[in-house]
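Visitor: below are the sequence and a predicted model; questions follow.
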Amino acid sequence: EDQVTQSPEALRLQEGESSSLNCSYTVSGLRGLFWYRQDPGKGPEFLFTLYSAGEEKEKERLKATLTKKESFLHITAPKPEDSATYLCAVDAEGSNYKLTFGKGTLLTVNP
Amino acid sequence: EAGVAQSPRYKIIEKRQSVAFWCNPISGHATLYWYQQILGQGPKLLIQFQNNGVVDDSQLPKDRFSAERLKGVDSTLKIQPAKLEDSAVYLCASSASYNEQFFGPGTRLTVL
């Protein structure tokens, strides 16, 4: 069974204080790893897809990286508007493109 | 580009009652998903449609949940009868390609 574990469950940062969120996964064969952002009362918003170990993608203050067992979402000099829940999901080979999500990390950035 | 539309946004019902949710995907998106998101958890896929055919419904509690996607566009998800543990946000998503799923705002269901 595919498993996705995100840590920490919650993270509180000061504005400008860089940090990383972790997503560790167990799948029979990874086809893609996805990062989403979810604001309160809204649906998840797509951020990145990573396909192979060593791949990196960036968007503004966010950078996602991938190894064979985990992915990191690095947040550089965060701002209060980066506060949200960040969700990681995996798509495994043979799964009909079904995403298995982790529980998410609630990020709070204080001004 | 209009996003995924869902209604209602909120619903409160008594246990054993029935409820239905509606989803209108982004125009042209062939694949439609229904997810259940319990508070503090990530979304869990309930059912996936490709046009009007079911691709995956392995996690749909078929004794009480049903879904249809007529004409390959709009979709409805029904719960009958509802249980307390069905309290959750029901998210609809659609995609045109493998890479990105677009989510609607969700319907928050409270079962009393």
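Guide: Perfect, I can see it now.

Visitor: any stretches of the chain with poor pLDDT?
Guide: Using chain A. Counting by pLDDT under 70, chain A has no low-confidence residues at all.

Visitor: actually chain B
Guide: In chain B, residues with pLDDT under 70: B:1, B:98-99.

Visitor: which residues of it lie near chain A?
Guide: Selection of chain B residues close to chain A by Cβ under 8 Å from any Cβ of the partner chain yields B:4, B:31, B:40-45, B:48, B:55-56, B:91, B:93, B:98-106. For glycine as for every other residue, the C-beta is placed from the backbone atoms N, C-alpha and C.

Visitor: 7 Å - rerun?
Guide: B:40-43, B:45, B:48, B:55-56, B:91, B:98-101, B:103-106 (Cβ under 7 Å from any Cβ of the partner chain).

Visitor: what's the neighbour count on residue 23?
Guide: All of this refers to chain A. Neighbours of A:Cys23 under the rule other Cβ atoms under 10 Å in any protein chain shown: 26.

Visitor: to clarify, I was referring to chain B.
Guide: Residues near B:Cys23, counting by other Cβ under 10 Å: 25.

Visitor: helix or strand: which one has it?
Guide: strand B:19-24 (DSSP states H and E).

Visitor: re earlier: now list the buried members of the residues of chain B next to chain A.
Guide: Buried members of the residues of chain B next to chain A, scored by 16 or more other Cβ atoms under 10 Å in any protein chain shown, are B:42-43, B:45, B:48, B:56, B:91, B:101, B:103-106.

Visitor: so which residues of the chain form strands?
Guide: This is for chain A. Under the criterion DSSP state E, chain A contains strands at A:3-7, A:10-14, A:19-26, A:30-38, A:45-50, A:56-59, A:62-66, A:70-75, A:84-92, A:99-101, A:105-110.

Visitor: sorry, I should have been clearer: chain B.
Guide: Using DSSP E, the strands of chain B run over residues B:5-7, B:10-13, B:19-24, B:31-37, B:44-50, B:53-56, B:65-68, B:75-79, B:88-95, B:102-103, B:107-111.

Visitor: of all the strands of chain A, which one comes closest to B:Lys71?
Guide: Taking Cβ to Cβ, strand A:99-101 is the member of the strands of chain A nearest to B:Lys71, at 25.3 Å.

Visitor: find the nearest non-adjacent residue to A:Gln14, please.
Guide: Once flanking residues are discounted, A:Gln14 sits nearest to A:Asn110: 5.6 Å by Cβ to Cβ, 6 or more residues apart in numbering or on different chains.
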